[in-house]
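Novice: Below are the sequence and a predicted model for it; my questions follow.
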Amino acid sequence: MKPFVTQLRSYLVTQLRICVVVLCCTLVFIGCAKHENEVVEKKVDTLFTPPDTSTIPHNATGDMIRYGRELLVNFPYYLGPKGSVGQYGGNGLGCQSCHLDAGTRPYGLNYFSAHARYPQYRSREGKILTLGDRVNNCVERPLNGKPMPLDSKEMVAILAYMQWLGKNVPVGGNVPGDRLKDIALLDRPADPIKGKALYDKHCMRCHGDDGQGVLKTDGIAYAYPPLWGPMSYQPGSSMHRLIKSAQFIKYNMPFDLARWDKPVLTDEEAMDVAAYVNDDKMHTRPFVDLSNEYPVQKEKPLDYYHAPYADPFSQVQHKYGPFKPIFDWRKANGQPTGY
Ligand code: HEC
Ligand code: HEC
C-alpha cells in the first residue's frame, strides 16, 4: 500500500508542478502581451520626454552640460554684444527667444533630435554641416552675429548639452514633438493687413506697438524680444519664412496662453500675423546678402522669399502664398517640396 500512496503522491505533485509552471507561463505571457500593447500605445500617443536636469551627472562632463544649458538660456549675458565671456551675438536675442524652455518645449523649436541628426546635408549651403556649424548659423542669422570658434569651451558645452538632451533619441531618427507642428496652407495669399489687426489684439501687449519688444532694465537681454527692425533676426533666418514662422506662432504665442495642445490663433490667423511680422515693405531688418544661398536652386523651400526660383512662381507668391499650387507643381515636376 505504502509504495502506491507514495507513487500517487509523487505523481500528483508532479502534475501540480506542471500546472503551476503552465499557469505562471500563461500569466507572464499575458503580462508581456499587455505590456507590449501599452508600449505601442505610448509610442503613438506620447510626446518625447527629455531627461530631467537632476539626472545630469556630477562630474566634469556634467559641468559642461550644465554650462551649455546656461548659455542657451542666458546667451546675451555670456555671448551677446555685451557678453561677459565673448561677443558673438549681434543683438539682444538669445537662443531661448525662439528655442523655448532651454530647447525642451514640444513643437517649440526644441533641440530633442538635433544631436542625433547631424552632420546633415543643408541645402542653404549646399553641403554637409556639423551641429556646431548649425549652431553658428543661428548665431549669425537670428542673432545677427559672427560665428563662434568650433573648438571654444562655449561651443563644446552647447553641443554637450544637446547630446545629453537627445541621448534617448535614435541616431538619425526623429521623436514625436521635435519638429514644428504642421498647419493648413491657405487657398489665398496671407494678408499682412489682417495680420496687423491680429498683432494689435494678441501680440502688442508684450512685443510693443512698434514690434521692438522690451529690453530688461539691465539693458543686456530682452524680457520680450523684438520681432522686426535692426535688433531683430536677419532676412534669410528660418523665422523669416512665412510657414515656419506661422507654425511657431500658432503653437507658442501668445507666450502666456498658447501651447501646442491649446493654441489661441487659428491656422489662418497665424499665417496672417506671420505675414505682418515678416513683411518687408512695412518693416526693416538688418541687411544681408542672400545671393549665394541655395546653390541648387530647386532646393529652395516653398516659403523662401529670395528669387530666382527653379519653378514658374513669383517671388511674391513664394513670400505670401498661396503655397499649395507651388507644392503641387514641384511635386508633379519631381522637385523638392520642403518648407
Ligand atoms: C529668431 C529665432 C531663433 C533664434 C534666436 C535662434 N534660433 Fe536656432 N533655429 C530657429 C529656427 C526657426 C530653426 C529651424 C527649425 C526648423 O527647421 O524647423 C532653428 C534651428 C536650430 C538648430 C537645428 C535644430 C535641428 O533639430 O535641426 C539648432 C541646433 C539651433 N537652431 C541652435 C540655436 C542656438 C544655439 C541659438 C542661439 C545661439 C539659436 N538657435 C537661436 C530659430 C532661432
Ligand atoms: C505675454 C507676452 C507675449 C505675448 C502676448 C506674445 N509674445 Fe511672442 N514672445 C514672448 C516672449 C517672452 C518670447 C521669448 C521667449 C523667452 O524669452 O523665453 C517671445 C518670442 C516670440 C518670437 C520669437 C523671437 C523673436 O524675437 O522673433 C516670435 C516670432 C513671437 N514671439 C511672436 C509673437 C506673436 C506673433 C504674438 C501674437 C500672436 C506674440 N508673440 C505674443 C512673449 C509674448
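Specialist: Right, received. Where do you want to start? Residues are numbered from 1 along each chain as shown. Ligands and ions are numbered 1, 2, ... in the order given.
Novice: can you map out the strands along this structure?
Specialist: For the chain, the strands defined by DSSP state E occupy 120-122, 127-129, 214-215, 222-224.
Novice: want to try TSV for those strands, with mean pLDDT as columns?
Specialist: Below are the strands of the chain laid out as TSV (pLDDT from 0 to 100):
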stretch	mean pLDDT
strand 120-122	98
strand 127-129	98
strand 214-215	98
strand 222-224	98
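Novice: Export these to CSV and append columns for distance to ligand 2.
Specialist: C-beta coordinates here come from the backbone N, C-alpha and C atoms, glycine included. Output for the strands of the chain, formatted as CSV (distance: least, CB to the nearest ligand atom, whole Å):
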stretch, distance to ligand 2
strand 120-122, 21
strand 127-129, 23
strand 214-215, 9
strand 222-224, 5
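Novice: Which of these sits closest to ligand 1?
Specialist: strand 120-122 (7.4 Å; CB to the nearest ligand atom).
Novice: Sheet partners, orientation included, of the closest one?
Specialist: Using DSSP bridges, the strands paired with strand 120-122 in its sheet are strand 127-129 (antiparallel).
Novice: Ok, which of the strands of the chain comes nearest Leu290?
Specialist: strand 120-122 (14.8 Å; CB to CB).
Novice: so does the closest one get close to ligand 1?
Specialist: No - Strand 120-122 lies out of reach of ligand 1 by CB under 6 Å from any ligand atom, never closer than 7.4 Å.
Novice: again, but for stretch 181-189
Specialist: No - contact of stretch 181-189 with ligand 1 (CB under 6 Å from any ligand atom) is absent, the minimum separation being 10.4 Å.
Novice: What would that stretch look like as CSV? C-alpha coordinates only.
Specialist: What follows is stretch 181-189, C-alpha atoms only, in CSV (Å, rounded to 0.1, in the frame of the first residue of the first chain):
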residue,chain,number,x,y,z
LYS,A,181,3.7,71.3,-35.8
ASP,A,182,2.1,71.5,-39.2
ILE,A,183,-0.6,73.9,-40.1
ALA,A,184,-3.0,74.0,-43.1
LEU,A,185,-1.8,76.1,-46.1
LEU,A,186,-4.3,78.8,-47.2
ASP,A,187,-6.0,79.0,-50.5
ARG,A,188,-5.2,82.7,-50.7
PRO,A,189,-2.1,84.8,-50.1
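Novice: And for the spatially most central residue of the chain, nearest residue in space, chain neighbours not counted?
Specialist: By CA atoms, centre = their mean, the chain has its centre lying nearest to Leu109, at 2.3 Å. Spatial nearest neighbour of Leu109, excluding adjacent residues (CB to CB, 6 or more residues apart in numbering): His99 at 4.7 Å.
Novice: for the one you found, phi and psi?
Specialist: phi -90, psi 90 (degrees, to the nearest 10).
Novice: Count the residues that sit near it.
Specialist: By other CB atoms under 10 Å, 21 other residues sit near His99.
Novice: and what of Leu180?
Specialist: By other CB under 10 Å, neighbour count at Leu180 equals 21.
Novice: where's it relative to Asp256, distance?
Specialist: Going from Leu180 to Asp256 by CB to CB, to the nearest Å gives 20 Å.
Novice: Quick check, Phe112 in contact with Gly173.
Specialist: No - using CB atoms under 8 Å, Phe112 is not in contact with Gly173, being 10.1 Å away.
Novice: circling back: give me the pLDDT for the residue nearest to Leu109.
Specialist: Per-residue pLDDT puts His99 at 98.
Novice: Quick one: residues contacting it.
Specialist: Listed by CB atoms under 8 Å, 6 or more residues apart in numbering, the contact set of His99 reads 72, 108-111.
Novice: any chance of those residues in CSV, plus pLDDT and distance to Thr61?
Specialist: What follows is those, written out as CSV (pLDDT from 0 to 100; distance: CB to CB, whole Å):
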residue, pLDDT, distance to Thr61
Leu72, 98, 17
Gly108, 98, 26
Leu109, 98, 25
Asn110, 98, 21
Tyr111, 98, 17
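Novice: residues contacting the residue nearest to Tyr111 when sequence neighbours are not counted?
Specialist: Counting by CB to CB, 6+ apart, Gly103 is the residue found nearest to Tyr111 once chain neighbours are left out, at 3.7 Å. Gly103 is in contact with 72, 95-96, 109-112, 114, 162, 165, counting by CB under 8 Å, 6+ apart.
Novice: hmm, 7 Å instead?
Specialist: By CB atoms under 7 Å, 6 or more residues apart in numbering, the contact list for Gly103 reads 72, 110-111, 165.
Novice: From the residues you listed, pick the one nearest Pro192.
Specialist: Pro192 lies nearest to Asn110 out of the contacts of Gly103, by CB to CB, at 28.7 Å.
Novice: Tell me how far Lys167 lies from Asn333.
Specialist: Lys167 is 41 Å from Asn333, where distance means CB to CB.
Novice: Ignore what I typed, I meant Ser113.
Specialist: Per CB to CB, Ser113 is found 30 Å from Asn333.
Novice: Report pLDDT for the closest residue to ligand 1 within the stretch 201-339 of the chain.
Specialist: Relative to ligand 1, the nearest point of the stretch 201-339 of the chain is Ser238 (3.4 Å; CB to the nearest ligand atom). On pLDDT, Ser238 comes in at 97.
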